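# Please work out how this folds:
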Amino acid sequence: MPIVNFHLVEGLTTPAQDERLLIGACQLYAEVLKAPMERVRAFITLHKATHFAVAGGLAAHNGLHAPYFEFIVLDGRPLEDRHRLMRGFTDLLVDALGVRRDLVRGSCRRVEPQDWAIGGEPASVIRKDEAAARASLNTPPP
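Numbers count the residues shown, from 1 in each chain. So this is what the prediction gives:
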């Protein structure tokens with residue numbers, strides 16, 4: 001379920017910076033949410049500098065790179081975890097891309113588990129099945 005999308009201005013990052021951002025985002029998500037890495041997704045959506053306005057002007061003219069990120073978590077995740085992700089994604093953008101911290105913006109979208117699919121099944125069902133499997137492993141045999 002963990003998905004993050006970084007909106008960046010095209011041409012202002014290198015492939016190495018992009019890789020550092022994406023890999024770092026995956027690692028952060030897995031660590032904070034204790035999520036299996038195979039469920040983590042990180043994307044970059046590039047926008048032309050003529051299609052990206054910052055501080056009332058086009059990035060093509062003012063040269064400001066002000067990334068925006070949005071991430072999704074299943075509802076029920078603690079506020080502390082969501083705030084750690086907000087700080088962590090901001091830190092990644094600042095460290096990996098060298099952007100100004102004060103220009104970074106981000107948002108968290110919480111999704112009800114019954115409204116999110118994993119392999120075509122509602123996450124609420126997957127969670128229930130995984131909890132039952134964990135419980136059976138912790139139950140001593142009769």
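
# For the chain, just list every one of the helices.
Taking DSSP state H as the test, the helices found in the chain are 15-33, 59-62, 79-97, 123-138.

# and these, which one is worst for confidence?
Ranked by mean pLDDT, the helices of the chain end with helix 123-138 at the bottom, a mean of 75.

# what comes up buried for that one?
For helix 123-138, the neighbour count (16 or more other C-beta atoms under 10 Å) marks A123, I126, R127 as buried. Quick note: C-beta positions are derived from backbone N, CA and C, even for glycine.

# quick one: the first one and P113 touch, right?
The one in question is A123. Yes: the pair A123 / P113 is scored as a contact, 4.2 Å apart, by C-beta atoms under 8 Å.

# Are there residues contacting both of those two? Which ones?
Here A123 and P113 share the contacting residues L74, scored by C-beta atoms under 8 Å, 6 or more residues apart in numbering.

# returning to that earlier point: could you export the helices of the chain as JSON lines, including distance to T45?
Formatted as JSON lines, the helices of the chain follow (distance: least, C-beta to C-beta, whole Å):
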{"stretch": "helix 15-33", "distance to T45": "12"}
{"stretch": "helix 59-62", "distance to T45": "14"}
{"stretch": "helix 79-97", "distance to T45": "14"}
{"stretch": "helix 123-138", "distance to T45": "24"}
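
# Tell me which of those helices lies nearest to E70.
With C-beta to C-beta as the criterion, E70 lies closest to helix 79-97 of those, at 9.5 Å.

# any idea of the angle that closest one forms with helix 15-33?
Interaxial angle, helix 79-97 versus helix 15-33 (axes from the mean of the first three to the mean of the last three C-alpha atoms, to 10 degrees): 170 degrees.

# what does helix 79-97 contact?
With contacts defined as C-beta under 8 Å, 6+ apart, helix 79-97 is touched by 4, 6, 8, 12-13, 17, 20-21, 24-25, 28-29, 32-33, 65, 67, 69, 71, 73, 99-101, 104, 106, 108, 110.

# Put the buried members of those into a ChimeraX selection.
ChimeraX command restricting those to the buried ones, with burial defined by 16+ other C-beta under 10 Å:
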select :4,6,8,12,13,17,20,21,24,25,28,29,32,33,65,67,69,71,73,99,104,106,108
